[in-house]
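In: got a predicted structure plus its sequence, pasted below:
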Amino acid sequence: MTFREEAVEVFLRDVFEHSKNRIRAFPGCLHMELLRQTNAPNVLFTLSIWEDEAALETYRQSDLFQTTWAKTKILFAEKAEAWSVEVVDG
């Protein structure tokens, strides 16, 4: 997620801080963390691990996601990208 520079702290304080524990406690969420690109402090990533695709989809359809995403996307400088990946060699 690429945020407007002035919006990073707003996201961290007003959005992420209030939603992180609820996301982590959401049924099917095994892990969630927030990462920052080292050479671009306005680029943040969430890395989350879900039990399965169905659990992730249930979260995406939830009020928690819908309200969090609405508050987040208005802070972007660029369109967000998202990927689902699988471990090939762990």
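Out: Perfect, I can see it now.
In: assumed D89 was part of a helix.
Out: No - counting by DSSP: H, G, I helix; E, B strand; the rest coil, D89 is located in no helix; its state is coil.
In: so how far is Y59 from it?
Out: 27 Å (CB to CB, to the nearest Å). C-beta: built from backbone N, CA, C; applies to glycine.
In: who's more crowded, these two?
Out: Taking other CB atoms under 10 Å, D89 and Y59 do not tie; Y59 has more neighbours (17 against 3).
In: for A80, see how far away that one is.
Out: Y59 sits 16 Å away from A80, going by CB to CB.
In: same question for D63.
Out: As judged by CB to CB, D63 and A80 stand 20 Å apart.
In: before we move on, what about R4?
Out: Relative to A80, and taking CB to CB, R4 is found at 13 Å.
In: equivalent analysis for C29, please.
Out: Note on C29: its distance to A80, by CB to CB, is 19 Å.
In: repeat for Q37
Out: Counting by CB to CB, the gap from Q37 to A80 is 14 Å.
In: the helices in the protein, which residues?
Out: Counting by DSSP state H, the chain has these helices, from start to end: 8-10, 17-24, 53-60, 63-73.
In: is it possible to get CSV of the ones you listed that adds distance to L44?
Out: Formatted as CSV, these follow (distance: least, CB to CB, whole Å):
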stretch, distance to L44
helix 8-10, 7
helix 17-24, 12
helix 53-60, 18
helix 63-73, 10
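In: that concludes my questions; thank you for your assistance.
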